[in-house]
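Asks: Here is a sequence with its predicted model. Questions after.
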Amino acid sequence: MSIAERFQLQYGGRPDGVFSAPGRVNLIGEHTDYNNGLVLPFAIDARAQVAVRRIDEPVIRVVSVQREGAVIEAPLSVLRPGTAAATGWPAYLLGTAWALIEAGIDVPGAELALDSAVPVGAGLSSSAAVECATALALSTIAEVRLTPADLARLAQRAENAFVGVPTGLMDQMASAGCRAGHLLFFDVGAGTTENIPFDPAANGLQVLVIDTGVHHSLADGEYAKRRASCEWAAELLGLNTLRDITDAGEALARLGSPASGLPAADRELLVRRVRHVLSENGRVFDVVQRLRAGDIAGIGADLTESHISMRDDYEISSIELDTAVDAALGAGALGARMTGGGFGGSAIALVPSQDAARVAEAVDRAFAAAGFAAPTSRHFTPADGARRES
Ligand code: ADP
Ligand code: MG
C-alpha cells in the first residue's frame, strides 16, 4: 500500500502532499561533527516517507506504518520539550513541528502518516530521515521554503532539544543535502558543503553495509560521554572546540602532561579521545583528495585505519563490529570500518563487486562461529536528499 493510500485509510481523504528523506551511510568522519570537524556521508536509497494534510484544528496527528496502533495527537499549544509529547517515537515528528514553531514558522494543524524503509537503530540514521521528511512536509504546508542547511538545523534541534539525543549535525545534513551519485563533504566548522562525485560501481567496487543486528541506543549515555570528553579537552586547551587545534602534537603533549594536574588515567583517556578526532579529520581530508584524483580503491586503507582508531582510541566499537570488519578484510575487502555512532549498528566494507557475495558469506560464517545472530548485508546506491514526491 502506498503512503497516500495508507493516509487515506487512516484519516479519510487525500494528503496535500508526500515528502521523503533518506537514511545515510557515513563513509568516513565519525564523531567529528560535534567537534566542528569533517564528515563524508552519502544518502542511501532507503527513505522515510511522510504524507501530510493541513487541517483547521490546532493539533498535530501522527501515525506510523511501523508502529501499528492508534493515532497520536498533540495540541500545537503544548508542544514543548519535557512534556508528554516528547516521549517515544512520536517525539521525532512532534519535536520537528516544535522546532519549526520555535524558529518562528507558523505551522498549521496537520495530519501526518509515516512509512519508512530505513532500518531502525542500524547506524543508518532512521531518526534523521523521519525528522527531515517531517520538516519538509510541515514547512511546505506552512508555505515556507527552507534550504537544505536550514532543514537540517531544525531537524537537529528537534532531536537535541525535544527528543533529547545530543547528536551532531551530520545525519540531518546528509538526509537533507545529499545528491544521487555523490558524497556530501561537510565541513561543520566552516559551515560549507560540497557534493563529491562517488561512483564505486564504475570502478568495479561497492560499499557493502553489514548490519550487525545489535541495535544501539544513542540515548544511552556513551555517546554523551564521548562528547563531554571532547568538550573537556577543548576547555583544558583553552579552545572552543577541538577543530581550533592548530598543532596536533603540541595539543596532545599538553593534554598528556602531568602539569595539567589531572590524574594519569584521565590524561591518558583524553589523549586517546582527542587523537581519534584529529586523526579522523585527517583521514576524511585524505579520502576527499583521493576521490578528487579518481583513486577510489586507494581510500580502503583510510577506512580501516578509521576503524582501528574508533576501536582503540575512541572505544566505540563492539565485538560484533570488530568481527564484521576483520572478516570482511580477511575475505578481500579493500577497507572496512564501523559506521555511525557505534556500540552496534553497521559496518561498511569497500569490496570489489565480484567479491561482494563472498565477503558477505565470510562475515556470516565469522558471526556463526562466534555464536552471534546472523548479520544482514546490503548494498546501497548514493541517493538524493529530502524531496517532494507528490
Ligand atoms: P538510528 O540510528 O536508526 O537513527 P535512533 O535511535 O537515532 O537510531 O532513532 C531511531 C528511532 O527513530 C526509533 O526508535 C523511533 O523512535 C524513530 N523512528 C525511526 N523510524 C521510525 C518509523 N518508521 N516509525 C516510527 N518511529 C520511527
Ligand atoms: Mg539516529
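Replies: Everything's here; your move. Ligands and ions are numbered 1, 2, ... in the order given.
Asks: In this structure, where's the longest strand?
Replies: strand 38-54 (DSSP state E).
Asks: Is it positioned near ligand 2?
Replies: No - with C-beta under 5 Å from the ion as the criterion, ligand 2 is not reached by strand 38-54; the gap is at least 11.6 Å. Backbone N, C-alpha and C define where each C-beta goes, glycine included.
Asks: mind checking how far that strand is from the chain centre?
Replies: Centroid separation for strand 38-54 versus its chain: 11 Å, with C-alpha atoms, centre = their mean, to the nearest Å.
Asks: Flag every buried residue along that strand.
Replies: 38-44, 46-54 (16 or more other C-beta atoms under 10 Å).
Asks: just curious, which of those is nearest to V274?
Replies: Ranked by distance to V274 (C-beta to C-beta), the buried residues of strand 38-54 are led by L38 at 15.4 Å.
Asks: From what I see, that closest one and H31 are in contact.
Replies: No - in this structure, L38 is not within contact of H31 by C-beta atoms under 8 Å, at 11.5 Å.
Asks: Quick check: A149 is in a helix.
Replies: Yes - under DSSP: H, G, I helix; E, B strand; the rest coil, A149 sits within a helix.
Asks: quick one: pLDDT of it?
Replies: On pLDDT, A149 comes in at 97.
Asks: same deal with I55?
Replies: Looking at I55, the pLDDT reads 98.
Asks: Renumber starting at 55 from here on
Replies: With the count now opening at 55, the last piece we talked about shows up as I109.
Asks: Skip the chain neighbours and tell me the closest residue to it.
Replies: G163 (4.5 Å; C-beta to C-beta, 6 or more residues apart in numbering).
Asks: by contact count, what packs against the longest strand of the chain?
Replies: Secondary-structure packing of strand 92-108 (3 or more C-beta pairs under 8 Å, 6 or more residues apart in numbering; DSSP states H and E): helix 57-65, strand 71-82, strand 164-170, helix 180-195, helix 224-231, strand 236-241, helix 318-346.
Asks: angle of it against helix 180-195?
Replies: Note on geometry: by axes from the mean of the first three to the mean of the last three C-alpha atoms, to 10 degrees, strand 92-108 and helix 180-195 are set 50 degrees apart in direction.
Asks: Can I get strand 92-108 in PDB, CA atoms only?
Replies: What follows is strand 92-108, C-alpha atoms only, in PDB (Å, rounded to 0.1, in the frame of the first residue of the first chain):
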ATOM      1  CA  LEU A  92      34.800  16.900   8.700                       C
ATOM      2  CA  VAL A  93      32.300  14.200   7.600                       C
ATOM      3  CA  LEU A  94      31.700  12.400   4.400                       C
ATOM      4  CA  PRO A  95      28.300  10.600   4.200                       C
ATOM      5  CA  PHE A  96      26.100   9.600   1.400                       C
ATOM      6  CA  ALA A  97      22.300   9.200   1.400                       C
ATOM      7  CA  ILE A  98      21.000   5.700   0.900                       C
ATOM      8  CA  ASP A  99      18.200   4.600  -1.400                       C
ATOM      9  CA  ALA A 100      16.100   3.700   1.700                       C
ATOM     10  CA  ARG A 101      13.700   6.600   2.700                       C
ATOM     11  CA  ALA A 102      11.200   7.800   5.200                       C
ATOM     12  CA  GLN A 103       8.000   9.000   3.500                       C
ATOM     13  CA  VAL A 104       5.600  11.400   5.200                       C
ATOM     14  CA  ALA A 105       2.100  12.200   3.800                       C
ATOM     15  CA  VAL A 106       0.700  15.400   5.200                       C
ATOM     16  CA  ARG A 107      -2.600  17.400   5.200                       C
ATOM     17  CA  ARG A 108      -3.300  20.800   6.600                       C
END
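Asks: Wondering if the helix or strand just after it reaches ligand 1 at all.
Replies: Tracing the chain past strand 92-108, the next element assigned as helix or strand by DSSP states H and E is strand 113-118. Yes - counting by C-beta under 6 Å from any ligand atom, ligand 1 has neighbours in strand 113-118: S118.
Asks: Strand 164-170 and strand 113-118, what's the angle between them?
Replies: Using the same axes, to 10 degrees: strand 113-118 against strand 164-170 is 20 degrees.
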